[in-house]
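Enquirer: Sequence and predicted structure below; questions after.
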Amino acid sequence: MTFRFPIKCTICNFESLVKVQAGFVKNSQVRIGCPSCGSLFKGELLQIPPNVSLIFDKAEPTDGENIPDDIPIIQISTELPIPKVSTEVIPNSLGYTLNPYMALTDFIPTETIALFTSKYLEFSSYKDKKIDALENIILLFQRQNYSLVLSETKKHFSNELSEIIKRLDDSQESCYYSISIILKNFILSAIPKNYEDSYTIRLLFKGTINKVQNEKKSLSHLKTELNNYCEIEREFISSCQILVEFIKNSPSYAPVIALSYIGFEEIFEKEYGITTFSFDELKENYLDSFELLARTSIIYLGFSNFAQYKDEGIFPSASKCDSLNRYFSLNNGLKKQVIENYPYLKKYYRFLLDSQMRNAIGHAKTEYFIHEQLIKYYPYTDLKKINQFKEKSLIDFAYHTFLMKLAVLDFVVFIGKWHYRMK
């Protein structure tokens with residue numbers, strides 16, 4: 001159902017009409033830009049069927065009478081991405097349609113939308129019931145109260161762990177594993193199966209951990225050595241906390257989760273818009289995930305080296321890196337160059353460790369155009385290129401950040417499997 005909200009910017013007094021596609025996401029944050037002055041409107045969409053309310057901080061409602069035909073229209077959907085161009089409903093309408101779902105069928109088949117809707121609704125309901133228990137279990141793990149981790153896990157997640165619950169005890173290794181399984185089941189319930197097939201299985205099974213899975217002595221050795229460069233317990237907890245925040249903030253991610261039903265390696269450029277995030281809100285989220293993934297990459301390289309050479313510190317000669325200590329000291333751009341020498345890791349990390357984008361965004365070398373939802377960033381430090389820029393749409397950046405969350409999940413699952421096999 002579509003709702004109309006005529007508003008006026010309190011900064012420049014410009015009037016526009018907000019059209020909202022509302023449905024199964026009950027409450028969500030909304031972030032849009034004024035078409036005239038570009039001010040950011042932060043709003044909250046509340047759904048109490050059959051009514052919908054929308055309140056902004058820098059825009060006020062108008063009476064809605066005598067709205068001119070040429071009034072700028074700002075389309076909002078808190079459930080699916082918004083097509084920038086619609087040819088199916090109103091030719092050349094720039095997405096100004098009565099229902100963004102109708103326009104989306106140009107890009108996403110209706111049966112795919114139905115599948116996403118069903119899975120996301122189930123995930124959302126599960127989140128509301130279980131997220132507090134999961135957050136408390138992670139806190140108990142952080143405090144090293146492993147017996148309570150086990151008892152709380154059995155109390156709240158026995159159905160999810162029914163096949164392995166009898167093999168769990170109150171050891172740290174069991175806690176690593178049980179938490180990783182809970183998070184994996186939690187998050188993968190909302191997305192298509194092919195993510196796990198295309199990324200996680202390639203990483204965990206073909207490339208690294210399965211090559212030494214039956215060697216408990218080797219697994220213990222790797223923990224001792226790699227923990228010198230990557231504090232495993234701390235990074236595991238940090239990863240779990242990032243994932244809990246992702247789950248709690250999942251309504252804002254709903255549009256990019258929907259896009260994952262098209263394909264995980266897609267670039268959506270300027271075909272879609274997104275109204276559930278602002279660039280500033282995504283930026284810190286992105287930077288936290290990037291730094292964690294860069295730090296923890298040494299774990300995967302150590303496993304890969306050990307699987308090939310029986311020594312975690314021996315690197316491929318082409319990498320020009322001769323020790324774990326050397327890799328640890330490299331900046332992120334040079335770490336990525338080393339990773340390029342690992343067949344199972346290079347494609348995995350190619351988009352995750354985009355150091356040009358990270359450095360530009362992290363050091364404020366960016367411009368963001370709110371209404372256009374366009375990020376312009378300046379990635380070069382060379383004086384000859386210092387004024388050259390690249391562009392990325394907000395929805396591409398949001399999708400990129402979403403995929404980074406799945407990579408953080410991969411790390412959690414990896415650590416869980418590793419410790420379970422040491423038992």
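Expert: Here it is on my side, so go on. Numbering: from 1, shown residues only.

Enquirer: avg pLDDT for the longest helix along the chain?
Expert: Assignment by DSSP state H gives helix 110-142 as the longest helix of the chain. The predicted model assigns helix 110-142 a mean pLDDT of 93.

Enquirer: Next, the buried residues of the helix or strand just after it.
Expert: Counting by DSSP states H and E, the next helix or strand C-terminal to helix 110-142 is helix 146-157. Judged by neighbour count (16 or more other Cβ atoms under 10 Å), helix 146-157 contains these buried residues: 146, 148, 149, 150, 152, 153, 156, 157. No exception for glycine: its C-beta is placed from N, CA and C like everyone else's.

Enquirer: In CSV, list the C-alpha atoms belonging to helix 146-157.
Expert: Taking Å, rounded to 0.1, in the frame of the first residue of the first chain, the C-alpha atoms of helix 146-157 are listed here in CSV:
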residue,chain,number,x,y,z
TYR,A,146,31.5,-20.7,30.0
SER,A,147,29.2,-22.8,32.2
LEU,A,148,26.5,-20.1,31.9
VAL,A,149,27.1,-19.8,28.2
LEU,A,150,26.3,-23.4,27.9
SER,A,151,23.2,-23.4,30.1
GLU,A,152,21.8,-20.3,28.4
THR,A,153,22.5,-21.8,25.0
LYS,A,154,20.6,-24.9,25.9
LYS,A,155,17.8,-22.9,27.4
HIS,A,156,17.2,-20.6,24.4
PHE,A,157,18.7,-22.4,21.3
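
Enquirer: what packs against it?
Expert: helix 110-142, helix 172-188 (3 or more Cβ pairs under 8 Å, 6 or more residues apart in numbering; DSSP states H and E).

Enquirer: Could you tell me the angle between the direction of the longest one and that of helix 146-157?
Expert: Between the axes of helix 110-142 and helix 146-157, defined by axes from the mean of the first three to the mean of the last three Cα atoms, to 10 degrees, the angle is 150 degrees.

Enquirer: And the shortest one, by the same measure?
Expert: Going by the same axes, to 10 degrees, helix 172-188 is angled at 30 degrees with respect to helix 146-157.

Enquirer: For helix 172-188, the averaged confidence score.
Expert: Here the average pLDDT along helix 172-188 is 94.

Enquirer: cool, stretch 41-55 as well?
Expert: Rounded mean pLDDT across stretch 41-55 is 86.

Enquirer: residues making contact with that stretch?
Expert: Residues outside stretch 41-55 that contact it (Cβ atoms under 8 Å, 6 or more residues apart in numbering): 3, 5, 7, 9, 18, 20, 22, 25-34, 56-59, 76, 78, 278.

Enquirer: Which ones among these map onto strands?
Expert: Judged by DSSP state E, strands contain the following of the contacts of stretch 41-55: 3, 5, 7, 9, 18, 20, 27-33, 56, 59, 76.
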